[in-house]
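Chemist: Sequence and predicted structure below; questions after.
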Number of protein chains: 2
Amino acid sequence: MDELATKVIDIIYAAAIKIKEQLKTKKLVVSTKSSRTDFVTNIDTQIQGFIIDEFMKANRGYQVLAEEGSYNTLNELTGKVLIIDPIDGTNNLILERQNFCIMVALYENGEGKYGFIYDVMADNLLWGGPEVGVHYNEGKIRSVPNLPLSEGLVGFNSAIYRRNAYRAHQIGDESLGVRMSGCAGYELMNLALGRRVAYISNLQPWDYAAGKVILETLGLKVTNIYGNALKLKDRELFIAATPLAHERILELIDSIK
Amino acid sequence: MDELATKVIDIIYAAAIKIKEQLKTKKLVVSTKSSRTDFVTNIDTQIQGFIIDEFMKANRGYQVLAEEGSYNTLNELTGKVLIIDPIDGTNNLILERQNFCIMVALYENGEGKYGFIYDVMADNLLWGGPEVGVHYNEGKIRSVPNLPLSEGLVGFNSAIYRRNAYRAHQIGDESLGVRMSGCAGYELMNLALGRRVAYISNLQPWDYAAGKVILETLGLKVTNIYGNALKLKDRELFIAATPLAHERILELIDSIK
């Protein structure tokens, strides 16, 4: 197996053990960031630090873009970049103690090389990239059925669905049902597994960097809500979908005008 | 352990093995019922038949109320009643191959005696009743924190949330987030585990019979959306919640008038 990928997977598993220990034995220190419901915990910060430290021990020349603290902006995506969301789904970690993911991605001059999404409590690892294919636990994912919007489930960000932005209700009505899990990593994993035809949200680069590499390797579409390339810079309105569902969703959104 | 409960649990585990075999080896035969997105499969029908047959071998004098076919109505809830939802979350079974439950309840003259909710693919069993307490896998659940609406997640039926019926948006906004899983059993289990403060939906008796017994045993509130007792007769607008969240939600709904 690929040496760099093996190293990242080892770090992720070690981070997951730390998270589980913390959840068992220590008190969660919770604080809010941008709003009453935007949480961060001591675990997010510690795990991000652990992943950066462990990765940097073995690899040189990487810039870091990561959710917590001063790592959350980067002027240029040139060269090698390590992108980390230490806990994707922090509210689920706090309130459910499950349904949260560790996400790591490696980019080179703006191109995705590797993505890793690990559902910590379910112990499901999805990882891959254009040079190594896509792997799910012990297996390999070779393709995802190109189902139309009308034949699958759509994952939604609840704020978008709530205010019926971008024809969200019409998109949901044309599908076989909407789902809201509070975890981008879980929804992106579901897309790779053929359990969703689309996921529509409002995401930061570290929320989608890993998913973008993996889903594009599988031939799925990953763009902003206008069908344009994502910039990996700031928060963007986000669609990941099968090619057929992506086309239909853009048609529906265009028809707003 | 309680002999009747042991028997039901044995039947549920045997049913789950049958479901997993069917998902692995056989083609799913899917048809629609009331609408384009209301599915039933050959598995639902077969599993319901299996549970009824196995239960009746060991127990006499029960009426049956169950989702599929002619079992779906009952004039009187007098005497002993076996209530079954063979697959709760059929769309998830078809489209995700996970996140569906087997639910069984035993009632006597309208009073809940036992409820059983089994998340088949996650292998999580929640069961109990007023005489035996509430059990989750190897452990016992002694109490659920009485959190207010503002300190937890709310599970929603997507149709109710979509059309903002019963102040759904305001209820969601006061909470720490909304979740939609497409499986009543999963949401009811989450309530018993303290992972939700409320679940608001539109349910048939077999969707909530098991959950009602279990959650009421734990001191949670289970009513229709007006705060009145559920009738176990037809589809009803449904709330299950912590006492504090239940009180606040009824206040918000009342304020519509």
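Modeler: Yes, it's here.

Chemist: wait, does the helix or strand hosting A:Leu215 make contact with chain B?
Modeler: Using DSSP states H and E, A:Leu215 maps to helix A:205-217. No. In terms of Cβ under 8 Å from any Cβ of the partner chain, no part of helix A:205-217 sits within range of chain B; the closest distance is 15.6 Å. Where you see a C-beta, it was placed from the backbone N, CA and C, and this is true even at glycine.

Chemist: following that helix, which helix or strand comes up?
Modeler: strand A:221-224.

Chemist: Check which helices and strands the helix or strand just after that following strand is in contact with.
Modeler: With elements assigned by DSSP H and E, the helix or strand that comes after strand A:221-224 is strand A:236-241. Contact analysis of strand A:236-241 by 3 or more Cβ pairs under 8 Å, 6 or more residues apart in numbering or on different chains; DSSP states H and E lists helix A:184-192, strand A:198-203, helix A:205-217, strand A:221-224, helix A:243-254 as its packing neighbours.

Chemist: Domain-wise, how is chain A divided?
Modeler: A:3-141, A:149-254 (automatic domain parsing).

Chemist: And A:Leu67, how far from chain B?
Modeler: You called it Leu, but residue A:67 is Glu. 18 Å (Cβ to the nearest Cβ, to the nearest Å).

Chemist: Tell me the residues of the stretch 51-200 of chain A that contact chain B?
Modeler: A:91, A:95-98, A:122, A:152-153, A:158, A:161-162, A:169, A:172, A:176-182, A:190, A:195.

Chemist: what about 6 Å?
Modeler: When proximity is defined by Cβ under 6 Å from any Cβ of the partner chain, the stretch 51-200 of chain A lies next to chain B at A:91, A:95-96, A:153, A:158, A:162, A:169, A:176-180, A:182, A:195.

Chemist: Switch the helices and strands packed on strand A:236-241 over to CSV; also include mean neighbour count and mean pLDDT.
Modeler: Conversion of the helices and strands packed on strand A:236-241 to CSV gives the following (neighbours: other Cβ atoms under 10 Å in any protein chain shown; pLDDT from 0 to 100):
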stretch, mean neighbour count, mean pLDDT
helix A:184-192, 26, 98
strand A:198-203, 24, 98
helix A:205-217, 26, 98
strand A:221-224, 18, 98
helix A:243-254, 18, 96
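
Chemist: picking that back up, sort out for me which of the residues of the stretch 51-200 of chain A next to chain B are in helices.
Modeler: A:91, A:95, A:158, A:162, A:169 (DSSP state H).

Chemist: which residue sits closest to the second one, ignoring its sequence neighbours?
Modeler: When the adjacent residues along the chain are set aside, A:Leu95 lies closest to B:Leu153, with 5.3 Å between them (Cβ to Cβ, 6 or more residues apart in numbering or on different chains).

Chemist: Could you report the neighbour count for that neighbour?
Modeler: 26 (other Cβ atoms under 10 Å in any protein chain shown).

Chemist: so it sits right up against B:Glu174, yeah?
Modeler: No. The pair B:Leu153 and B:Glu174 fails to qualify as a contact (Cβ atoms under 6 Å) at a distance of 11.7 Å.

Chemist: Need the three-state assignment for A:Ala122.
Modeler: coil (DSSP: H, G, I helix; E, B strand; the rest coil).

Chemist: pLDDT value on the closest residue to it other than its chain neighbours, please?
Modeler: Excluding its sequence neighbours, the residue lying closest to A:Ala122 (Cβ to Cβ, 6+ apart) is A:Gln98, at 7.2 Å. If you check A:Gln98, the pLDDT there is 97.

Chemist: May I have the secondary structure class of A:Gln98?
Modeler: Strictly by three-state DSSP, A:Gln98 counts as coil.

Chemist: so it touches A:Met121, yeah?
Modeler: Yes. With contact defined as Cβ under 6 Å, A:Gln98 reaches A:Met121; the gap is 4.1 Å.

Chemist: picking up where we left off before, among the ones in helices among the residues of the stretch 51-200 of chain A next to chain B, name the buried ones.
Modeler: Buried subset of those (neighbour count, 16 or more other Cβ atoms under 10 Å in any protein chain shown): A:91, A:95, A:158, A:162.

Chemist: Put together CSV for the residues you listed, with distance to B:Glu111 and pLDDT on each row.
Modeler: Converted to CSV, these look like this (distance: Cβ to Cβ, whole Å; pLDDT from 0 to 100):
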residue, distance to B:Glu111, pLDDT
A:Asn91, 37, 96
A:Leu95, 32, 96
A:Ser158, 37, 96
A:Arg162, 39, 97
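
Chemist: Could you save those residues as a markdown table and add columns showing distance to A:Leu230?
Modeler: Shown next, in a markdown table, are those (distance: Cβ to Cβ, whole Å):
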| residue | distance to A:Leu230 |
| --- | --- |
| A:Asn91 | 24 |
| A:Leu95 | 29 |
| A:Ser158 | 21 |
| A:Arg162 | 23 |
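
Chemist: Report the two of those separated the most.
Modeler: A:Leu95 and A:Arg162 (18.7 Å; Cβ to Cβ).

Chemist: ok so, going back, could you tell me the phi and psi values at the residue nearest to A:Ala122?
Modeler: Note on A:Gln98: its backbone torsions stand at phi -160, psi 180 [degrees, to the nearest 10].

Chemist: Also A:Ser31?
Modeler: phi -140, psi 170.

Chemist: And the strands in the stretch 1-150 of chain A, which stretches?
Modeler: With DSSP state E, counting those that start in this stretch as the criterion, the stretch 1-150 of chain A has strands at A:30-32, A:39-41, A:62-66, A:80-88, A:101-108, A:111-119, A:124-129, A:133-136, A:139-141.

Chemist: Now mean neighbour count, distance to B:Ala241 and mean pLDDT too, for those, in a markdown table please.
Modeler: What follows is the strands of the stretch 1-150 of chain A, written out as a markdown table (neighbours: other Cβ atoms under 10 Å in any protein chain shown; distance: least, Cβ to Cβ, whole Å; pLDDT from 0 to 100):
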| stretch | mean neighbour count | distance to B:Ala241 | mean pLDDT |
| --- | --- | --- | --- |
| strand A:30-32 | 12 | 22 | 91 |
| strand A:39-41 | 19 | 22 | 90 |
| strand A:62-66 | 19 | 37 | 95 |
| strand A:80-88 | 26 | 27 | 97 |
| strand A:101-108 | 26 | 28 | 98 |
| strand A:111-119 | 23 | 28 | 98 |
| strand A:124-129 | 23 | 31 | 98 |
| strand A:133-136 | 18 | 37 | 98 |
| strand A:139-141 | 12 | 40 | 97 |
